[in-house]
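> my questions concern the predicted model and sequence given below.
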Amino acid sequence: MPNEGTNFVFGSMNDQGLAFFFLKVLCPIVFISALIGILQHIRVLPVIIRAIGFLLSKSTAWANWNPLTPSAP
């Protein structure tokens with residue numbers, strides 16, 4: 001009974017095990033990508049990244065990350 005929904009949506013893919021790949025692998029990737037896209041669109045993600053950068057700079061006592069950047073000869 002619980003597989004009737006996946007049989008209806010995926011048909012013969014469910015018999016080959018491809019439905020498992022879609023449900024367990026691709027759905028979380030699509031969800032996280034959509035969430036990141038929405039947060040970027042409403043301009044929340046840059047604020048979160050700036051806050052994380054600020055906390056990292058204070059916790060490591062470095063003013064910026066310039067000492068870690070490679071220099072070109």
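Structure received.

> what's the following helix or strand after the helix or strand of the chain with the lowest mean pLDDT?
Lowest on mean pLDDT, DSSP states H and E among the helices and strands of the chain sits helix 13-16, with a mean of 71. As assigned by DSSP states H and E, the chain's next helix or strand after helix 13-16 is helix 18-21.

> what packs against the helix or strand just after that following helix?
As assigned by DSSP H and E, the chain's next helix or strand after helix 18-21 is helix 27-41. Secondary-structure packing of helix 27-41 (3 or more Cβ pairs under 8 Å, 6 or more residues apart in numbering; DSSP states H and E): helix 45-60. All C-beta atoms are positioned from the backbone trio N, CA, C, and that covers glycine.

> what's the average pLDDT for the helix it packs on?
Averaged across helix 45-60, pLDDT comes to 88.

> please export the C-alpha coordinates of it as PDB.
The C-alpha coordinates for helix 45-60 follow below in PDB (Å, rounded to 0.1, in the frame of the first residue of the first chain):
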ATOM      1  CA  LEU A  45      21.900  35.000   2.300                       C
ATOM      2  CA  PRO A  46      24.500  37.800   1.900                       C
ATOM      3  CA  VAL A  47      23.700  39.000   5.400                       C
ATOM      4  CA  ILE A  48      24.100  35.500   6.800                       C
ATOM      5  CA  ILE A  49      27.500  35.100   5.000                       C
ATOM      6  CA  ARG A  50      28.600  38.500   6.200                       C
ATOM      7  CA  ALA A  51      27.700  37.600   9.800                       C
ATOM      8  CA  ILE A  52      29.600  34.300   9.600                       C
ATOM      9  CA  GLY A  53      32.600  36.100   8.200                       C
ATOM     10  CA  PHE A  54      32.400  38.600  11.000                       C
ATOM     11  CA  LEU A  55      32.200  35.900  13.600                       C
ATOM     12  CA  LEU A  56      35.100  34.100  12.100                       C
ATOM     13  CA  SER A  57      37.300  37.200  11.900                       C
ATOM     14  CA  LYS A  58      36.600  37.900  15.600                       C
ATOM     15  CA  SER A  59      37.100  34.300  16.700                       C
ATOM     16  CA  THR A  60      40.500  34.100  14.900                       C
END
